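Peer 1: Pasting the sequence and the predicted model now:
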Amino acid sequence: MSARVRTVVAAWGASSRLAAALDAIERATAPFAGETVVVGEIAQPAVAAGARRASVVAPDPAQPSTPGAHRNRGARGAEAPYLLFADDDVVVEPEFVAQALARLDADAQVAGIGGRIHERQWRDGKLVREIPDLHRSGTGGDVEMLAAAWVARRAAFEAVGGFDPRLPAEEDVELCLRLQGAGGRIVALDLRAAYHDCRPRPSLAEIRRRWSSGLFAGQGLLLRQSWGTPLFARHLARQRLYLATFAYAALGVPLAWGTLVSPALGAAFGAWTLGALATWAVMAVKKRSLGLGGLSILAWLALGAGIVRSWVTGSAR
């Protein structure tokens, strides 16, 4: 029996949870003679361990080191009609894979299919927080984007050229919008597709890691690349929260400086400060923590700054 689905795992971060991810993939795809390709450096212990039950290929040296480029590498040469793209820290659900393939078999217009992603945050081996339906796919239906664990129709994927290898982030939504533009449907099922396991976030360490690795630049590069196209407005609308946070913070700098020069601006700076504190209070209530509320706003600010920087410079770093 030939494989009906190839799972592509981009071990971009060589997550310590790669073994658990491969366990789940084996369980979910075994009924469909699934094959699995891990894209990563064999010198990394987690990737080397995965080589016992999956094909391991090195990233393409001619392409940027991005998740999209690695996923394209893993999909290359596939003969299976469907491609399951799974992050190296997700636990894929067997029921999702079965229903996704059945839906793709039944509806030729569907180009990509996913489900709800539940995020589990771990510290020292203990679950500290779970966020249901991270990407808000709800009860399913047509959606704008899929991420973390989803299945693409290989023919549709190849017809649009796969992922954009230039993007250090946002590669999933960019591909989904191109698949839609080519006439395909992007659909979410009314069930959990996978758990995404990670460290608690937001955190200062995670914000620093994403900034230094260029992950906060994906949205800005996407805006730069889509400038002048019909997709620009859609990409811009998706980043409105982060850009608004950056703009509000940037407004506070001249107001604070102006207060030192002209006391008459004190009222304006006071109003700005009250607005910032009110936002912090709202986020503290939502996150049930004053610290997490502040870190959430800081993450928005860092992402907004990263978007502006990469949008203007065209560089991820």
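Peer 2: Received, thanks.

Peer 1: and residue 114, that one's in a strand?
Peer 2: Yes - assessed with DSSP: H, G, I helix; E, B strand; the rest coil, residue 114 lies in a strand.

Peer 1: bridging residues for it?
Peer 2: Beta bridges link residue 114 to residue 188, judged by DSSP bridges.

Peer 1: low pLDDT regions in this protein?
Peer 2: Along the chain, segments meeting pLDDT under 70 span 1, 13-14.

Peer 1: can you list the domains in it?
Peer 2: If you go by automatic domain parsing, the domain ranges for the chain are 5-200, 205-313.

Peer 1: Just to check, residue 157 is in contact with residue 82?
Peer 2: No - if you go by CB atoms under 8 Å, residue 157 and residue 82 don't touch, sitting 9.3 Å apart. All C-beta atoms are positioned from the backbone trio N, CA, C, and that covers glycine.

Peer 1: May I ask you to name the longest helix in the protein?
Peer 2: Longest helix of the chain, by residue count under DSSP state H: helix 290-313.

Peer 1: neighbouring contacts of that helix?
Peer 2: Contacts of helix 290-313 with the rest of the structure, by CB atoms under 8 Å, 6 or more residues apart in numbering, involve 201-204, 206-207, 210-211, 214, 216-221, 223-224, 239, 241-247, 249, 279-287, 315-316.

Peer 1: ok, now with 7 Å
Peer 2: With contacts defined as CB atoms under 7 Å, 6 or more residues apart in numbering, helix 290-313 is touched by 202-203, 207, 211, 216-217, 219-221, 223-224, 239, 241-243, 245-246, 249, 279-280, 283-284, 286-287, 316.

Peer 1: Now, of the residues you listed, which are buried?
Peer 2: 202-203, 207, 211, 216-217, 219-221, 223-224, 239, 242-243, 245-246, 249, 279, 283-284, 287, 316 (16 or more other CB atoms under 10 Å).

Peer 1: Just the ones of those in helices?
Peer 2: 207, 211, 219-221, 223-224, 242-243, 245-246, 249, 279, 283-284, 287.

Peer 1: which of the residues you listed lies closest to residue 141?
Peer 2: Using CB to CB, residue 219 is the member of these that lies nearest residue 141, at 24.9 Å.

Peer 1: thinking again about what came up before, out of the domains of the chain, deepest packed?
Peer 2: Ranked by mean neighbour count under mean count of other CB atoms under 10 Å, the domains of the chain are led by domain 5-200, which reaches a mean of 19.

Peer 1: what about it, start to end distance?
Peer 2: Using CA to CA, to the nearest Å, one end of domain 5-200 lies 32 Å from the other.

Peer 1: dump the residue contacts of residue 163.
Peer 2: Applying CB under 7 Å, 6+ apart, we find residue 163 in contact with 68, 71, 72, 171, 175.

Peer 1: Can I take it that residue 152 is in a helix?
Peer 2: No - under the criterion used here (three-state DSSP), residue 152 is strand, not part of a helix.

Peer 1: That one bridge partners, please.
Peer 2: Under the criterion used (DSSP bridges), residue 152 bridges to residue 83, residue 112.

Peer 1: Looks like it contacts residue 83 (just checking).
Peer 2: Yes - assessed by CB atoms under 7 Å, residue 152 is found in contact with residue 83 at 4.8 Å.

Peer 1: what distance separates stretch 199-209 from the centre of its chain?
Peer 2: 15 Å (CA atoms, centre = their mean, to the nearest Å).

Peer 1: Roughly how far does residue 308 sit from residue 111?
Peer 2: Distance of residue 308 to residue 111, given as CB to CB, to the nearest Å: 32 Å.

Peer 1: same question but for residue 178, I mixed them up
Peer 2: According to CB to CB, residue 178 and residue 111 sit 10 Å apart.

Peer 1: What of residue 144?
Peer 2: Residue 144 sits 13 Å away from residue 111, taking CB to CB as the criterion.

Peer 1: The protein: helices as residue ranges?
Peer 2: Using DSSP H, helices in the chain cover 18-29, 45-50, 67-75, 94-106, 154-159, 171-181, 204-213, 218-226, 232-238, 240-261, 266-287, 290-313.
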